[in-house]
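Q: dropping the sequence and predicted coords here.
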Amino acid sequence: MNIEKLASKYIASAEHVLGNMQLVEGPLKMSMEETKKTIKYARAYLDDAKYYRKVQKLDVCLASIAYCEGLLDALKLLGAVKFDWPTKPEEEKQS
C-alpha cells in the first residue's frame with residue numbers, strides 16, 4: 001500500500017470514529033469540557049491530515065492522522081468515549 005492510500009485509509013477511519021462515537025459520563029477525572037476539548041484537537045489533527053494529503057506532504061499527513069488516532073484511543077482507554085475502529089471490507093481482506 002502506498003503512502004497516499006495509507007493516509008487516506010487512516011483519515012477515513014478517524015472520520016468514521018469522530019462521526020459515530022458516544023461521549024460517556026462516568027468515574028473519570030476528566031471533565032466533559034476537557035473531553036470535548038480533546039475531541040476538538042483530534043478533529044483539528046484530522047483537518048491537518050486532509051490538508052497535507054491534498055498538498056502531497058504525505059509524511060506530515062501521516063504524522064497528523066497518527067496524532068488524531070492517538071487522542072481518540074486515549075479518550076477510549078480513559079472511558080470518556082465509546083467507538084470501534086472500522087474494519088476492512090471483505091474484498092480488501094482477500095487481496
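A: Everything's here; your move.

Q: quick one: buried residues of the lengthiest helix in the chain?
A: For the chain, the helix that runs over the most residues, judged by DSSP state H, is helix 32-54. If you call a residue buried by 16 or more other C-beta atoms under 10 Å, then helix 32-54 has these buried ones: 35, 38-39, 42, 45-46, 48-50, 52-53. Heads up, the C-betas are built off the backbone N, CA and C, glycines and all.

Q: let's have these in JSON lines, adding pLDDT and distance to Thr87.
A: Shown next, in JSON lines, are the buried residues of helix 32-54 (pLDDT from 0 to 100; distance: C-beta to C-beta, whole Å):
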{"residue": "Thr35", "pLDDT": "93", "distance to Thr87": "25"}
{"residue": "Thr38", "pLDDT": "97", "distance to Thr87": "25"}
{"residue": "Ile39", "pLDDT": "97", "distance to Thr87": "22"}
{"residue": "Ala42", "pLDDT": "97", "distance to Thr87": "20"}
{"residue": "Tyr45", "pLDDT": "97", "distance to Thr87": "22"}
{"residue": "Leu46", "pLDDT": "97", "distance to Thr87": "19"}
{"residue": "Asp48", "pLDDT": "97", "distance to Thr87": "25"}
{"residue": "Ala49", "pLDDT": "97", "distance to Thr87": "21"}
{"residue": "Lys50", "pLDDT": "97", "distance to Thr87": "22"}
{"residue": "Tyr52", "pLDDT": "97", "distance to Thr87": "26"}
{"residue": "Arg53", "pLDDT": "96", "distance to Thr87": "22"}
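
Q: which helix or strand in this structure has the lowest average pLDDT?
A: helix 90-94 (a mean of 52; mean pLDDT, DSSP states H and E).

Q: and the closest residue in space to Leu23 that isn't next to it in sequence, what are its phi and psi?
A: Leaving aside its sequence neighbours, Leu23 sits nearest to Val81 (C-beta to C-beta, 6 or more residues apart in numbering; 5.8 Å). Dihedral pair for Val81: phi -140, psi 160, per degrees, to the nearest 10.
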